[in-house]
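> Got a predicted model here, sequence first, then my questions.
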Amino acid sequence: MEKVKELLESSKQQFIDELLELLRIPSVSADPKYKPEVARAAEFVKQSLINAGADKAEVFPTKGHPIVYGEKIIDEKLPTIVVYGHYDVQPADPINLWSSPPFEPVIKDGKIYARGSCDDKGQVYMHIKAFDLMMKTNTLPCNIKFMIEGEEEVGSNNLGDFVKANKEKLKGNVILISDTSMLANDTPSIDIGLRGLSYVEVEVVGPNRDLHSGVYGGAVANPINILCKMIADMKDENNHITIPGFYDDVQDVSDADRAEMAKAPFNLNDYKKDLEIGDVIGETGYSTLERTSIRPTLDVNGIWGGYIGEGSKTVLPSKANAKISMRLVPNQNSDKVTAMFKSYFESVAPACVKVKVSAHHGGEPVLTPTDSIAFKASSMAMEKTFGKKPIPTRSGGSIPIVALFEKELGLKSVLMGFGLDSDNIHSPDEHYGIFNYLKGIETIPYFFKYFTELSK
């Protein structure tokens, strides 16, 4: 392992430069105009795997964006670690809120500012470079497979078909994922749980055309007003979601587990200061950390309608729309929750409007065991490089394919991420610390070492 550390030290700038090159590719999966760029990013990942020493690396087309598969099999009798990640990124909008162009990476204050720097290009590339180091130092202790997709940010719609069609190709012992965060650079942590997701779009339609708000206002329903009230009524005075049956399947967390969670370092004043907010808000009876991890949520992700151009236009709009996401916790099912939402939204709509609910994508909540070989190996690896034993945590985010891997491949996942919650993923000025990037590259080979040893 000393050889690995020495080579990492001498290769730092090269590894950073390579990541910057990948970050310059605007691989936005949600926008069709970027489809050629998404394909270009897939080719970049494929070539990087070949350069690192993969025996095989291929780009598999799907009905949407391609999946990159690569492997290095050194001995069929040894364990196989399957690395999952994604090379697609969120849209960069609103562009005007970025301090620098989102696809022209800038290094400032020890951080790389670019869309995808943390989520997930930077974290994916850690694995490719860790593999590169192990190959160059002849220290790869077991087999490795890579499955890097281009549709994670739009729901991984075609990954399931790929997994089902390639079960033999994807055979392994564990899925290793770095698409999560840790508590702090001096407080490593490992996620043992992810929330699920139900994502819908709603439309409220009033009159058959936009109307003059002076002539018709007060007599004809304004869809924006109606939509806002319908959304507001979905939470009560305790910020409890009012959809009937929404909490029926929610798994309560024991007082003992909540007490363990509370040991994680957290300063509410620093949290508010970082976000520049006067106070936090959420479901009564739960702490901030609990609200963002063990409790379900309902949030509006976007809302539009009417006139939003320069100046004024006295219009009563014909329709209004919103995108709404619900984060789910263990025992909740995304299809069931989506159906509940649709039924409720339609039932509370007044007769003066018509409503439509369209489901986008979903995913199931996941809990991973802390007594597995994979968790022990990841804990040992982070303790080795950080000098501290990592804290088990639950993430507020969702990685829908974790449940898919367990169902189709029978494989548990280990969520060993190196980002920080303050990295602005999905927001303007997304960034990723160079410390985190390099620390990930240093830590991953230890995971391979310990996982192989513990599997004997």
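Ah, there it is. Predicted model, so just to flag it, every value in this text is computed and none were measured.
> make it CA atoms for all contacts and neighbour counts henceforth
Will do.
> How far off centre is stretch 429-448?
Distance, stretch centre to chain centre, for stretch 429-448: 17 Å (Cα atoms, centre = their mean, to the nearest Å).
> So that it lines up with my notes, have the first residue be 642 from now on.
Understood, numbering begins at 642; the last thing we discussed is stretch 1070-1089.
> Report the mean per-residue pLDDT for it.
Average pLDDT, stretch 1070-1089: 98.
> Could you pull out the buried residues of that stretch?
Across stretch 1070-1089, burial judged by 16 or more other Cα atoms under 10 Å covers 1070-1075, 1077-1089.
> Could you do stretch 797-808 as well?
797-800, 804.
> how about low-confidence regions in this structure?
Applying pLDDT under 70 to the chain flags no residue at all.
> Residue 811 contacts residue 721, correct?
No: counting by Cα atoms under 8 Å, residue 811 stays clear of residue 721, with 9.4 Å between them.
> what about these two, which has more around it?
A side-by-side neighbour count of residue 811 and residue 721, using other Cα atoms under 10 Å, places residue 721 first with 26 against 22.
> Can you tell me how far that one is from residue 1096?
10 Å (Cα to Cα, to the nearest Å).
> show me what contacts residue 1003?
796, 837-840, 975-976, 1041 (Cα atoms under 8 Å, 6 or more residues apart in numbering).
> Please flag which of those sit within helices.
Cross-referencing the contacts of residue 1003 against helices under DSSP state H gives 975-976.
> neighbour-wise, which of the contacts of residue 1003 leads?
Result: residue 838 is most packed of the contacts of residue 1003 (other Cα under 10 Å), 30 neighbours.
> what bridges to that one?
In this entry, residue 838 is beta-bridged to residue 968, residue 1004, by DSSP bridges.
> Check residue 941 too.
Going by DSSP bridges, residue 941 forms beta bridges with residue 965.
> Do I have it right that it meets residue 965?
Yes: the pair residue 941 and residue 965 passes the contact test of Cα under 8 Å, sitting 4.5 Å apart.
> More neighbours: these two, which one.
More neighbours surround residue 965 than the other of residue 941 and residue 965, with 19 against 14 (other Cα under 10 Å).
> For the residue nearest to residue 863 when sequence neighbours are not counted, give the beta-bridge partners.
The shortest distance from residue 863 to any non-neighbouring residue, by Cα to Cα, 6 or more residues apart in numbering, is to residue 957 (6.1 Å). Counting by DSSP bridges, residue 957 is bridged to residue 852.
> Next, count neighbours for residue 957.
26.
> And stretch 823-830, what's buried?
Residues of stretch 823-830 classed as buried: 823-824, 829-830 (neighbour count, 16+ other Cα under 10 Å).
> Over to stretch 807-823?
Those would be 811, 813-823, for stretch 807-823 by 16+ other Cα under 10 Å.
> Which members of those residues occur in strands, if any?
815-818, 822-823 (DSSP state E).
> State the three-state secondary structure for residue 684.
Assigned with DSSP: H, G, I helix; E, B strand; the rest coil, residue 684 falls in the helix class.
> ignore the last one, residue 681
For residue 681, the assignment made with three-state DSSP gives helix.
> Nearest residue to it in space, ignoring adjacent ones along the chain?
residue 666 (7.4 Å).
> what sits against that neighbour?
Contact analysis of residue 666 by Cα under 8 Å, 6+ apart lists 678-679, 681-682, 744.
> Repeat the analysis, applying 10 Å as the threshold.
Counting by Cα atoms under 10 Å, 6 or more residues apart in numbering, residue 666 makes contact with 675, 677-682, 685, 728-730, 744-745, 756-757.
> Just the buried ones from the residues you listed?
Neighbour-count burial (16+ other Cα under 10 Å) applied to these gives 675, 678-682, 685, 728-730, 744, 756-757.
> tell me which of these is nearest to residue 789?
Distance to residue 789 across these (Cα to Cα) is lowest for residue 728, with 6.7 Å.
> For residue 904, see how far away that closest one is.
Distance check for residue 728 against residue 904: by Cα to Cα, it reads 34 Å.
> again with residue 961
According to Cα to Cα, residue 961 and residue 904 sit 44 Å apart.
> Looking at those two, which is more packed in?
residue 961 (22 against 9).
> what number of residues lie near the closest residue to the more buried one other than its chain neighbours?
Spatially, and ignoring its direct neighbours in sequence, residue 961 is nearest to residue 946 (4.4 Å; Cα to Cα, 6+ apart). When counting by other Cα under 10 Å, one arrives at 16 neighbours for residue 946.
> Then residue 733?
Neighbour number of residue 733 under other Cα under 10 Å is 22.
> just checking, it touches residue 757?
Yes: between residue 733 and residue 757 there is a contact at 9.4 Å, judged by Cα atoms under 10 Å.
> shared neighbours, the two?
Taking Cα under 10 Å, 6+ apart as the contact rule, residue 733 and residue 757 both touch 667, 669, 743-744, 1067, 1071.
> Counting neighbours, what do you get for residue 916?
Neighbour count of residue 916, defined by other Cα under 10 Å: 11.
> What residues does it make contact with?
Listed by Cα under 10 Å, 6+ apart, the contact partners of residue 916 are residue 1063.
> How far off centre is stretch 805-819?
Distance, centroid of stretch 805-819 to centroid of chain: 19 Å (Cα atoms, centre = their mean).
> do the same with stretch 689-704
Stretch 689-704 sits 23 Å away from the centroid of its parent chain (Cα atoms, centre = their mean).
> As PDB, could you dump the C-alpha coordinates of that stretch?
The C-alpha trace of stretch 689-704 is given here as PDB (Å, rounded to 0.1, in the frame of the first residue of the first chain):
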ATOM      1  CA  SER A 689     -10.200   6.000 -19.000                       C
ATOM      2  CA  LEU A 690     -11.000   2.400 -17.900                       C
ATOM      3  CA  ILE A 691      -8.900   1.000 -20.800                       C
ATOM      4  CA  ASN A 692      -6.000   3.400 -19.900                       C
ATOM      5  CA  ALA A 693      -6.200   2.300 -16.300                       C
ATOM      6  CA  GLY A 694      -5.800  -1.400 -17.200                       C
ATOM      7  CA  ALA A 695      -9.200  -2.900 -17.800                       C
ATOM      8  CA  ASP A 696      -9.200  -6.100 -19.800                       C
ATOM      9  CA  LYS A 697     -12.500  -5.100 -21.300                       C
ATOM     10  CA  ALA A 698     -14.400  -1.800 -21.500                       C
ATOM     11  CA  GLU A 699     -17.600  -1.300 -23.600                       C
ATOM     12  CA  VAL A 700     -20.300   1.300 -24.200                       C
ATOM     13  CA  PHE A 701     -23.700  -0.300 -24.200                       C
ATOM     14  CA  PRO A 702     -26.500   1.700 -25.900                       C
ATOM     15  CA  THR A 703     -29.900   1.800 -24.300                       C
ATOM     16  CA  LYS A 704     -33.200   3.300 -25.200                       C
END
